[in-house]
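Trainee: Please work out how this folds:
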Amino acid sequence: MTVQYELDGPVVIVTIDRPEVRNAVDPDTAGRLVDCFTRFAADDALAVAVLTGAGGNFSSGFDLKALARGDGNRLEETGPGPMGPTRMILDKPVIAAIEGYAVAGGLELALWCDLRVAARDATLGVFNRRFGVPLIDLGTIRLPRMIGQGRAMDLILTGRPVTAVEALGIGLVERLAAPGSALAEAVALARMLAELPQGALRADRRSLLGQWALGLDEAMRAEYQGGIEVVRSGESQAGARRFSEGAGRHGN
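Mentor: So this is what the prediction gives:
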């Protein structure tokens, strides 16, 4: 199997397991990734997913040897992206645990995730630039929204390597971890998120992601509609009662 699916309570760890090619994604692997995240989305017992790679690398991108052979490459305008789940819209968060290289389509996979935890010695970048392979897993869309147009243009045009420390500074990753511990840090973060009230967490996440395509008035309505559903569900009142009884004060 080129993708592993490991349950850890309310968290699932999805691992690209092709270390011999730095976890490059061929069409079969892309399909397995889609299957894994479809399974995650449908499982009400799961709250957060962690995406990582085996053998010390996140992913080196699409398998260019498969592209050169023309082996069933998924290059359609609709449906899954070439890297697999990059066009999927989930209602639950995914965290990338990055060791080694997260480059080319591997960077696009990391951009698809909600949060990125990178080892301090990790390397990110649009390495496909040097081979004439375009970004078609939403890299040209997500990257400027995340780090700004100027910085995104620099990375996209030059294809230069970006250290994890620089990536943190420009907002390309959210957390750094000691080398070899990105997965452990990401899983700990996932468990923390899974313990929070899920209705409000998912409503706020949905509003944040959805507002890019909306005008201000539409975005305000969408935020209200998502929020009022949570209030009507009783989740907010239950949280208020816990607070009034002394729980969760001072940020604890």
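Trainee: Now do the SS call for residue 206.
Mentor: Put simply, residue 206 is helix when judged by DSSP: H, G, I helix; E, B strand; the rest coil.
Trainee: Pretty sure it sits against residue 229.
Mentor: No. Using C-beta atoms under 8 Å as the test, residue 206 is too far from residue 229 to be in contact (10.3 Å). Yep, even glycine has a C-beta here, placed from its N, CA and C like the rest.
Trainee: ok, those two, which is more surrounded?
Mentor: A direct count of neighbours by other C-beta atoms under 10 Å for residue 206 and residue 229 places residue 206 higher, at 16 against 13.
Trainee: Which strand or helix spans the closest residue to the more buried one other than its chain neighbours?
Mentor: Nearest non-adjacent residue to residue 206, counting by C-beta to C-beta, 6 or more residues apart in numbering: residue 226, 5.7 Å away. According to DSSP states H and E, residue 226 maps onto helix 216-233.
Trainee: what's the closest non-adjacent residue to the residue nearest the centre of the chain?
Mentor: Centroid-nearest residue in the chain, with C-alpha atoms, centre = their mean: residue 113, separated by 0.9 Å. Distances taken as C-beta to C-beta, 6+ apart put residue 96 closest to residue 113, at 4.0 Å, once the chain neighbours are dropped.
Trainee: count of neighbours near that neighbour?
Mentor: Using other C-beta under 10 Å as the criterion, residue 96 is surrounded by 28 other residues.
Trainee: partners of whichever strand or helix holds it in the sheet?
Mentor: Assigned by DSSP H and E, residue 96 belongs to strand 94-98. Next to strand 94-98 in the sheet, as set by DSSP bridges, lie strand 48-53 (parallel), strand 115-119 (parallel).
Trainee: Using TSV, lay out the ones you listed together with distance to residue 138.
Mentor: Output for the strands paired with strand 94-98, formatted as TSV (distance: least, C-beta to C-beta, whole Å):
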stretch	distance to residue 138
strand 48-53	15
strand 115-119	15
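Trainee: Tabulate these in TSV, adding columns for mean pLDDT, mean neighbour count and distance to residue 86.
Mentor: Formatted as TSV, the strands paired with strand 94-98 follow (pLDDT from 0 to 100; neighbours: other C-beta atoms under 10 Å; distance: least, C-beta to C-beta, whole Å):
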stretch	mean pLDDT	mean neighbour count	distance to residue 86
strand 48-53	98	27	11
strand 115-119	98	26	14
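Trainee: Which of those strands sits closest to residue 16?
Mentor: Residue 16 lies closest to strand 48-53 among these, at 4.6 Å (C-beta to C-beta).
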